[in-house]
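**Q** Dropping a prediction and its sequence here:
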Amino acid sequence: MKITQVNVEVFTFPTRRSVDAAGHAHPGEESLAKMAMLRIATEDGVEGYAFGAPELIRPHIIDSFVRKVLIGQNVMDREKIWQDLAHWQRGSASQLTDRALALVEQALWDWAGRKFKQPVHKMIGGYRDKVLAYGSTMCGDDLPGGLSTPEEYGRFAEQLVARGYKAIKLHTWMPPISFAPDPKMDVRACAAVREAVGPDIALMLDGYHWYSRTDALYIGRELEKLDFAWFEEPMMEESAESYAWLAANLDIPVLGPESLGGKYMSRASWVGQGACDILRAGVAGVGGIAPCLKVAHLAEAYGMHCEIHGNGAANLAVVGAIKNCDWYERGLLHPFLDYDDVPAYLNSIVDPMDADGYVHLPDRPGLGEDINFAYIETNTVT
Ligand SMILES: O=C(O)[C@H](O)[C@@H](O)[C@@H](O)C(=O)NO
Ligand SMILES: [Mg+2]
(Lines give C-alpha, C1' and ligand atoms only; values in the text may rest on other atoms or scores of the structure.)
(Ligands and ions follow the chains in the order given, each with its own letter.)
Protein backbone atom coordinates (compact mmCIF):
# COMPACT_ATOMS: atom_id res chain seq x y z
CA MET A 1 0.00 0.00 0.00
CA LYS A 2 1.79 3.15 -1.14
CA ILE A 3 1.93 6.54 0.56
CA THR A 4 0.49 9.16 -1.77
CA GLN A 5 0.16 12.30 0.38
CA VAL A 6 1.93 13.99 3.27
CA ASN A 7 0.29 17.19 4.49
CA VAL A 8 0.46 19.47 7.50
CA GLU A 9 -2.40 21.62 8.73
CA VAL A 10 -1.54 24.28 11.29
CA PHE A 11 -4.46 25.41 13.42
CA THR A 12 -5.02 27.61 16.44
CA PHE A 13 -6.61 26.66 19.73
CA PRO A 14 -7.09 28.50 23.04
CA THR A 15 -4.83 27.60 25.94
CA ARG A 16 -3.91 28.86 29.41
CA ARG A 17 -0.51 27.16 29.32
CA SER A 18 2.39 29.51 28.77
CA VAL A 19 6.13 28.82 28.51
CA ASP A 20 8.90 30.62 30.36
CA ALA A 21 12.27 31.75 29.02
CA ALA A 22 13.75 28.31 29.78
CA GLY A 23 10.95 26.50 27.97
CA HIS A 24 9.12 25.26 31.03
CA ALA A 25 5.33 25.34 31.16
CA HIS A 26 3.39 27.46 33.64
CA PRO A 27 -0.23 28.68 33.85
CA GLY A 28 -0.86 31.96 32.04
CA GLU A 29 -3.52 34.15 30.53
CA GLU A 30 -5.65 32.56 27.82
CA SER A 31 -3.96 32.86 24.46
CA LEU A 32 -4.19 31.30 21.01
CA ALA A 33 -1.56 28.61 20.49
CA LYS A 34 -0.68 26.89 17.23
CA MET A 35 -0.61 23.13 16.70
CA ALA A 36 0.25 21.16 13.58
CA MET A 37 -1.57 18.03 12.47
CA LEU A 38 0.55 15.81 10.25
CA ARG A 39 -1.62 13.77 7.86
CA ILE A 40 -0.23 10.80 5.92
CA ALA A 41 -2.54 9.28 3.29
CA THR A 42 -2.30 6.19 1.11
CA GLU A 43 -3.73 5.27 -2.26
CA ASP A 44 -6.77 3.63 -0.62
CA GLY A 45 -7.68 6.87 1.14
CA VAL A 46 -6.81 5.70 4.66
CA GLU A 47 -5.03 8.36 6.73
CA GLY A 48 -2.85 8.50 9.83
CA TYR A 49 -2.39 11.56 12.03
CA ALA A 50 0.05 13.01 14.55
CA PHE A 51 0.06 16.29 16.46
CA GLY A 52 3.10 18.41 17.19
CA ALA A 53 4.66 21.84 17.24
CA PRO A 54 4.43 23.46 13.78
CA GLU A 55 8.13 24.32 13.70
CA LEU A 56 9.09 20.65 13.96
CA ILE A 57 7.36 19.83 10.67
CA ARG A 58 7.56 23.19 8.94
CA PRO A 59 7.47 23.25 5.11
CA HIS A 60 11.27 22.95 4.79
CA ILE A 61 11.24 19.71 6.76
CA ILE A 62 8.28 18.24 4.91
CA ASP A 63 9.48 19.29 1.45
CA SER A 64 13.21 18.59 1.86
CA PHE A 65 13.04 15.33 3.78
CA VAL A 66 9.68 13.81 4.72
CA ARG A 67 7.93 13.84 1.35
CA LYS A 68 11.13 12.75 -0.45
CA VAL A 69 11.40 9.68 1.76
CA LEU A 70 7.73 8.78 2.19
CA ILE A 71 5.93 9.37 -1.09
CA GLY A 72 5.69 6.09 -3.00
CA GLN A 73 6.93 3.99 -0.07
CA ASN A 74 4.95 1.08 1.35
CA VAL A 75 3.17 2.57 4.37
CA MET A 76 3.75 -0.65 6.31
CA ASP A 77 7.54 -0.35 5.97
CA ARG A 78 7.79 1.83 9.08
CA GLU A 79 11.27 0.66 10.08
CA LYS A 80 12.70 1.21 6.59
CA ILE A 81 11.08 4.65 6.37
CA TRP A 82 12.38 5.52 9.84
CA GLN A 83 15.92 4.33 9.03
CA ASP A 84 15.93 6.31 5.78
CA LEU A 85 14.78 9.47 7.56
CA ALA A 86 17.21 8.95 10.44
CA HIS A 87 20.09 8.66 7.96
CA TRP A 88 19.06 12.00 6.46
CA GLN A 89 19.39 13.71 9.87
CA ARG A 90 23.18 14.03 9.73
CA GLY A 91 23.10 15.92 6.45
CA SER A 92 20.17 18.11 7.49
CA ALA A 93 22.37 20.50 9.49
CA SER A 94 20.37 19.53 12.58
CA GLN A 95 17.14 20.63 10.94
CA LEU A 96 15.56 17.17 10.82
CA THR A 97 15.08 16.48 14.53
CA ASP A 98 14.29 13.37 16.51
CA ARG A 99 10.97 15.01 17.37
CA ALA A 100 10.14 15.35 13.69
CA LEU A 101 11.00 11.70 13.09
CA ALA A 102 8.76 10.83 16.01
CA LEU A 103 5.80 12.66 14.49
CA VAL A 104 6.19 10.95 11.13
CA GLU A 105 6.52 7.54 12.75
CA GLN A 106 3.53 8.14 15.03
CA ALA A 107 1.38 9.02 12.00
CA LEU A 108 2.48 5.79 10.32
CA TRP A 109 1.46 3.80 13.40
CA ASP A 110 -1.83 5.70 13.60
CA TRP A 111 -2.45 4.80 9.94
CA ALA A 112 -1.87 1.11 10.68
CA GLY A 113 -4.23 1.17 13.65
CA ARG A 114 -6.95 2.90 11.70
CA LYS A 115 -6.46 0.59 8.71
CA PHE A 116 -6.60 -2.63 10.73
CA LYS A 117 -9.05 -1.25 13.29
CA GLN A 118 -6.74 -1.92 16.23
CA PRO A 119 -5.37 0.29 19.01
CA VAL A 120 -1.64 0.87 18.48
CA HIS A 121 -0.80 -0.31 22.01
CA LYS A 122 -2.18 -3.74 21.07
CA MET A 123 -0.21 -3.78 17.81
CA ILE A 124 3.13 -2.96 19.48
CA GLY A 125 2.88 -5.23 22.46
CA GLY A 126 -0.35 -5.44 24.40
CA TYR A 127 0.72 -5.82 28.02
CA ARG A 128 -2.01 -4.04 29.97
CA ASP A 129 -5.34 -2.26 29.62
CA LYS A 130 -4.82 0.19 32.50
CA VAL A 131 -1.88 1.77 34.28
CA LEU A 132 -1.41 3.84 37.41
CA ALA A 133 -0.55 7.46 36.68
CA TYR A 134 1.75 9.73 38.60
CA GLY A 135 0.87 13.37 38.82
CA SER A 136 3.76 15.30 37.26
CA THR A 137 3.70 18.89 38.48
CA MET A 138 4.71 21.90 36.51
CA CYS A 139 7.95 23.56 37.59
CA GLY A 140 7.78 25.83 40.60
CA ASP A 141 6.72 29.43 40.11
CA ASP A 142 6.22 32.70 41.97
CA LEU A 143 2.43 32.75 41.67
CA PRO A 144 0.71 33.22 45.06
CA GLY A 145 -1.45 30.13 45.67
CA GLY A 146 0.33 28.31 42.86
CA LEU A 147 3.61 26.40 43.32
CA SER A 148 5.55 29.25 44.89
CA THR A 149 6.35 27.77 48.32
CA PRO A 150 7.00 24.33 49.83
CA GLU A 151 3.67 24.61 51.65
CA GLU A 152 1.83 25.21 48.34
CA TYR A 153 3.44 22.05 46.94
CA GLY A 154 2.15 20.22 50.02
CA ARG A 155 -1.37 21.56 49.59
CA PHE A 156 -1.41 20.69 45.88
CA ALA A 157 -0.18 17.19 46.69
CA GLU A 158 -3.13 16.72 49.03
CA GLN A 159 -5.47 17.72 46.18
CA LEU A 160 -3.78 15.25 43.82
CA VAL A 161 -4.14 12.39 46.29
CA ALA A 162 -7.80 13.28 46.77
CA ARG A 163 -8.15 13.13 42.94
CA GLY A 164 -6.85 9.56 43.03
CA TYR A 165 -3.14 9.83 42.26
CA LYS A 166 -1.00 7.18 43.95
CA ALA A 167 2.26 8.91 43.00
CA ILE A 168 3.47 12.48 42.52
CA LYS A 169 6.57 13.82 40.80
CA LEU A 170 7.70 17.29 41.73
CA HIS A 171 9.34 19.60 39.25
CA THR A 172 10.76 22.26 41.53
CA TRP A 173 11.99 25.76 40.92
CA MET A 174 14.33 26.66 38.06
CA PRO A 175 15.57 29.97 36.62
CA PRO A 176 14.15 32.41 35.68
CA ILE A 177 12.55 32.10 39.16
CA SER A 178 14.64 34.57 41.17
CA PHE A 179 15.87 32.30 43.99
CA ALA A 180 16.38 29.20 41.83
CA PRO A 181 18.29 26.95 41.78
CA ASP A 182 18.23 26.23 45.49
CA PRO A 183 18.91 22.67 46.72
CA LYS A 184 17.55 23.44 50.18
CA MET A 185 14.29 24.81 48.76
CA ASP A 186 13.96 21.70 46.61
CA VAL A 187 14.35 19.54 49.71
CA ARG A 188 11.87 21.67 51.65
CA ALA A 189 9.27 21.20 48.92
CA CYS A 190 9.86 17.44 48.91
CA ALA A 191 9.60 17.31 52.72
CA ALA A 192 6.36 19.33 52.66
CA VAL A 193 4.85 16.95 50.12
CA ARG A 194 5.92 13.84 52.08
CA GLU A 195 4.45 15.41 55.24
CA ALA A 196 1.21 16.20 53.41
CA VAL A 197 0.59 12.84 51.73
CA GLY A 198 2.01 10.36 54.23
CA PRO A 199 4.20 7.30 53.64
CA ASP A 200 2.10 5.34 51.12
CA ILE A 201 2.22 7.70 48.14
CA ALA A 202 5.19 7.25 45.80
CA LEU A 203 7.14 10.46 45.36
CA MET A 204 9.82 11.46 42.86
CA LEU A 205 11.89 14.59 42.24
CA ASP A 206 12.75 16.04 38.84
CA GLY A 207 14.46 19.29 39.68
CA TYR A 208 17.01 21.71 38.28
CA HIS A 209 19.00 19.96 35.56
CA TRP A 210 22.35 21.66 36.04
CA TYR A 211 23.35 20.92 39.62
CA SER A 212 26.92 19.97 40.48
CA ARG A 213 27.72 16.45 41.61
CA THR A 214 27.93 17.61 45.23
CA ASP A 215 24.60 19.49 45.14
CA ALA A 216 22.96 16.48 43.52
CA LEU A 217 24.47 14.20 46.17
CA TYR A 218 23.11 16.41 48.95
CA ILE A 219 19.61 16.40 47.47
CA GLY A 220 19.73 12.66 46.77
CA ARG A 221 20.66 11.84 50.36
CA GLU A 222 17.79 14.02 51.64
CA LEU A 223 15.38 12.26 49.28
CA GLU A 224 16.49 8.93 50.75
CA LYS A 225 15.44 10.16 54.19
CA LEU A 226 12.02 11.05 52.69
CA ASP A 227 11.71 7.65 51.01
CA PHE A 228 11.43 9.02 47.48
CA ALA A 229 11.10 6.47 44.68
CA TRP A 230 13.54 8.01 42.19
CA PHE A 231 15.76 11.01 41.55
CA GLU A 232 15.55 12.44 38.02
CA GLU A 233 17.78 14.66 35.90
CA PRO A 234 19.61 16.70 38.59
CA MET A 235 22.67 17.23 36.39
CA MET A 236 23.53 17.69 32.71
CA GLU A 237 22.81 14.35 31.08
CA GLU A 238 25.70 14.78 28.67
CA SER A 239 27.95 13.66 31.54
CA ALA A 240 27.23 9.95 31.95
CA GLU A 241 30.27 9.80 34.21
CA SER A 242 28.66 12.22 36.68
CA TYR A 243 25.53 10.10 36.75
CA ALA A 244 27.57 6.93 37.25
CA TRP A 245 29.30 8.66 40.16
CA LEU A 246 25.98 9.81 41.62
CA ALA A 247 24.28 6.42 41.18
CA ALA A 248 27.24 4.73 42.88
CA ASN A 249 27.01 7.12 45.83
CA LEU A 250 23.25 6.99 46.35
CA ASP A 251 20.78 4.30 47.35
CA ILE A 252 17.75 6.08 45.84
CA PRO A 253 17.33 4.98 42.19
CA VAL A 254 18.74 7.47 39.72
CA LEU A 255 16.55 7.70 36.61
CA GLY A 256 17.48 8.87 33.13
CA PRO A 257 18.35 10.03 30.61
CA GLU A 258 15.38 12.10 29.56
CA SER A 259 16.57 15.02 27.48
CA LEU A 260 19.84 13.51 26.14
CA GLY A 261 19.94 12.94 22.38
CA GLY A 262 21.27 9.79 20.82
CA LYS A 263 18.03 7.78 20.77
CA TYR A 264 18.50 4.17 21.96
CA MET A 265 22.28 4.34 21.48
CA SER A 266 22.84 6.86 24.28
CA ARG A 267 20.56 4.83 26.51
CA ALA A 268 22.64 1.73 25.81
CA SER A 269 25.75 3.70 26.80
CA TRP A 270 24.11 4.79 30.07
CA VAL A 271 23.31 1.17 30.92
CA GLY A 272 26.84 0.11 30.02
CA GLN A 273 28.33 2.86 32.20
CA GLY A 274 26.03 2.22 35.17
CA ALA A 275 24.80 5.81 34.88
CA CYS A 276 21.27 5.04 36.05
CA ASP A 277 19.20 2.48 37.92
CA ILE A 278 16.03 3.14 35.89
CA LEU A 279 16.19 3.99 32.18
CA ARG A 280 14.09 6.69 30.58
CA ALA A 281 12.80 7.39 27.09
CA GLY A 282 9.92 9.26 25.57
CA VAL A 283 8.50 8.89 22.05
CA ALA A 284 9.29 12.51 21.18
CA GLY A 285 12.81 12.42 22.60
CA VAL A 286 14.10 9.23 20.99
CA GLY A 287 12.49 9.60 17.57
CA GLY A 288 9.34 7.55 17.74
CA ILE A 289 7.38 4.64 19.14
CA ALA A 290 9.65 1.89 17.80
CA PRO A 291 12.83 3.58 19.08
CA CYS A 292 11.13 3.99 22.46
CA LEU A 293 10.29 0.27 22.46
CA LYS A 294 13.92 -0.47 21.63
CA VAL A 295 14.97 1.39 24.79
CA ALA A 296 12.34 -0.38 26.91
CA HIS A 297 13.40 -3.79 25.58
CA LEU A 298 17.07 -2.92 26.16
CA ALA A 299 16.23 -2.05 29.77
CA GLU A 300 14.30 -5.30 30.17
CA ALA A 301 17.29 -7.28 28.95
CA TYR A 302 19.31 -5.75 31.81
CA GLY A 303 16.63 -6.32 34.39
CA MET A 304 15.84 -2.61 34.50
CA HIS A 305 12.67 -0.61 34.39
CA CYS A 306 12.19 2.05 31.71
CA GLU A 307 9.88 4.85 32.80
CA ILE A 308 8.37 6.55 29.76
CA HIS A 309 8.81 10.33 29.48
CA GLY A 310 5.73 12.40 28.99
CA ASN A 311 1.99 12.20 28.56
CA GLY A 312 0.00 11.76 25.38
CA ALA A 313 -1.30 9.02 23.11
CA ALA A 314 2.04 7.72 21.85
CA ASN A 315 3.72 7.51 25.26
CA LEU A 316 0.58 5.91 26.70
CA ALA A 317 0.64 3.33 23.90
CA VAL A 318 4.22 2.37 24.78
CA VAL A 319 3.34 2.12 28.48
CA GLY A 320 0.45 -0.14 27.51
CA ALA A 321 2.75 -2.36 25.49
CA ILE A 322 5.58 -3.08 27.96
CA LYS A 323 5.90 -4.74 31.36
CA ASN A 324 8.97 -2.92 32.73
CA CYS A 325 7.46 0.39 33.71
CA ASP A 326 5.27 1.19 36.71
CA TRP A 327 3.71 4.50 35.78
CA TYR A 328 2.20 6.78 33.16
CA GLU A 329 3.37 10.39 33.48
CA ARG A 330 0.16 12.46 33.64
CA GLY A 331 0.87 16.15 33.43
CA LEU A 332 2.05 18.66 33.65
CA LEU A 333 -0.22 19.67 36.51
CA HIS A 334 -0.79 22.94 38.37
CA PRO A 335 -3.34 24.17 40.95
CA PHE A 336 -4.54 26.84 38.52
CA LEU A 337 -5.20 24.46 35.63
CA ASP A 338 -7.55 21.50 35.16
CA TYR A 339 -5.69 18.79 33.26
CA ASP A 340 -9.02 17.15 32.40
CA ASP A 341 -10.14 20.15 30.34
CA VAL A 342 -10.45 18.89 26.76
CA PRO A 343 -8.42 20.84 24.18
CA ALA A 344 -10.68 22.39 21.52
CA TYR A 345 -9.25 20.16 18.76
CA LEU A 346 -10.21 16.95 20.55
CA ASN A 347 -13.59 15.57 21.55
CA SER A 348 -12.12 13.90 24.65
CA ILE A 349 -8.69 13.49 26.22
CA VAL A 350 -6.78 10.29 25.54
CA ASP A 351 -5.79 9.72 29.17
CA PRO A 352 -8.74 10.15 31.56
CA MET A 353 -7.92 8.89 35.04
CA ASP A 354 -10.39 7.08 37.28
CA ALA A 355 -10.84 7.74 41.02
CA ASP A 356 -8.38 4.97 41.85
CA GLY A 357 -5.57 6.62 39.86
CA TYR A 358 -5.72 4.40 36.77
CA VAL A 359 -5.51 5.59 33.19
CA HIS A 360 -7.27 3.13 30.88
CA LEU A 361 -5.66 2.46 27.52
CA PRO A 362 -7.87 3.71 24.66
CA ASP A 363 -9.64 1.10 22.57
CA ARG A 364 -10.14 3.42 19.59
CA PRO A 365 -8.28 2.30 16.45
CA GLY A 366 -4.90 3.96 15.93
CA LEU A 367 -3.14 6.02 18.57
CA GLY A 368 -6.51 6.69 20.16
CA GLU A 369 -6.80 10.44 19.79
CA ASP A 370 -10.45 11.50 19.61
CA ILE A 371 -9.88 14.19 16.96
CA ASN A 372 -12.34 17.03 16.32
CA PHE A 373 -11.70 17.35 12.59
CA ALA A 374 -14.43 19.95 12.14
CA TYR A 375 -12.73 22.25 14.67
CA ILE A 376 -9.35 21.78 12.99
CA GLU A 377 -10.78 22.53 9.55
CA THR A 378 -12.48 25.68 10.83
CA ASN A 379 -9.39 26.92 12.67
CA THR A 380 -6.67 26.00 10.19
CA VAL A 381 -4.36 28.94 9.51
CA THR A 382 -1.88 27.36 7.07
O1 LIG B 1 10.00 21.18 29.92
C2 LIG B 1 10.51 20.14 30.28
O3 LIG B 1 11.68 19.98 30.68
C4 LIG B 1 9.67 18.90 30.28
O5 LIG B 1 8.36 19.14 29.86
C6 LIG B 1 9.60 18.41 31.67
O7 LIG B 1 9.09 19.39 32.49
C8 LIG B 1 8.78 17.21 31.85
O9 LIG B 1 8.29 16.70 30.65
C10 LIG B 1 9.65 16.19 32.52
O11 LIG B 1 10.78 16.46 32.86
N12 LIG B 1 9.13 15.04 32.74
O13 LIG B 1 9.86 14.10 33.37
MG1 LIG C 1 11.84 14.78 33.60
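**A** Now that the structure is in, tell me what you want to look at. Ligands and ions are numbered 1, 2, ... in the order given.

**Q** contacts and neighbour counts: CA atoms only from here.
**A** OK.

**Q** Stretch 138-155: how far from the chain's middle?
**A** Centre-to-centre, stretch 138-155 and its host chain are 22 Å apart (CA atoms, centre = their mean, to the nearest Å).

**Q** ugh, wrong one, I meant stretch 26-38
**A** 17 Å.

**Q** For it, which outside residues touch it?
**A** The contact list for stretch 26-38 (CA atoms under 8 Å, 6 or more residues apart in numbering) reads 6-20, 49-54, 57, 103-104, 107, 138-139, 141, 334, 336-337.

**Q** Intersect the residues you listed with the contacts of ligand 1.
**A** Subset of those in contact with ligand 1: empty, counting by CA under 6 Å from any ligand atom.

**Q** Can I get the buried part of those as one ChimeraX selection?
**A** Buried residues within the contacts of stretch 26-38, by 16 or more other CA atoms under 10 Å, are selected in ChimeraX with:
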select :6,7,8,9,10,11,12,13,15,17,49,50,51,52,53,54,57,103,104,107,138,139,141,334
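
**Q** Excluding chain neighbours, what is closest to the closest residue to ligand 1 within the chain?
**A** Closest residue of the chain to ligand 1, CA to the nearest ligand atom: His24 (4.3 Å). In space, and not counting its chain neighbours, His24 is closest to Cys139: 6.9 Å by CA to CA, 6 or more residues apart in numbering.

**Q** repeat for Thr380
**A** Setting aside the residues directly before and after it, Thr380 is nearest to Phe11 in space (CA to CA, 6+ apart), at 4.0 Å.

**Q** And the strands in this structure, which stretches?
**A** For the chain, the strands defined by DSSP state E occupy 3-19, 25-42, 47-52, 130-137, 167-170, 202-206, 230-232, 254-255, 279-281, 306-308, 328-333, 346-348, 358-360, 370-371.

**Q** Tell me what angle the second one forms with strand 328-333.
**A** Going back to what we said before, that points to strand 25-42. Relative orientation of strand 25-42 versus strand 328-333 (axes from the mean of the first three to the mean of the last three CA atoms, to 10 degrees): 130 degrees.

**Q** Okay, buried residues for stretch 238-258 please.
**A** Buried positions in stretch 238-258, judged by neighbour count with 16+ other CA under 10 Å: 240, 242-247, 250, 252-258.

**Q** quick one, what contacts the residue nearest the centre of the chain?
**A** Residue closest to the mean C-alpha point of the chain, counted by CA atoms, centre = their mean, is Gly310 at 1.8 Å. With contact taken as CA under 8 Å, 6+ apart, Gly310 is in contact with Gly282, Tyr328, Glu329, Arg330, Gly331.

**Q** do Tyr358 as well
**A** Contact analysis of Tyr358 by CA under 8 Å, 6+ apart lists Lys130, Val131, Leu132, Ala133.

**Q** got it, and Phe373?
**A** Applying CA under 8 Å, 6+ apart, the residues near Phe373 are Tyr345.

**Q** So it versus Gly274, what's the distance?
**A** According to CA to CA, to the nearest Å, Phe373 and Gly274 sit 47 Å apart.

**Q** now Ala157
**A** The spacing between Ala157 and Gly274, counted by CA to CA, is 32 Å.

**Q** Between these two, which has more neighbouring residues?
**A** Using other CA atoms under 10 Å, the more surrounded residue of Ala157 and Gly274 is Ala157, with 27 against 17.

**Q** Now do the contacts for the closest residue to the more buried one other than its chain neighbours.
**A** Once flanking residues are discounted, Ala157 sits nearest to Val193: 6.1 Å by CA to CA, 6+ apart. Listed by CA under 8 Å, 6+ apart, the contact partners of Val193 are Pro150, Glu151, Tyr153, Gly154, Arg155, Ala157.

**Q** One more: Met235?
**A** Tyr208, His209, Trp210, Tyr211, Ser212, Arg213, Ala216, Ser242, Tyr243.

**Q** Narrow those to just the buried residues.
**A** Applying 16+ other CA under 10 Å to the contacts of Met235 flags Tyr208, His209, Tyr211, Ala216, Ser242, Tyr243 as buried.
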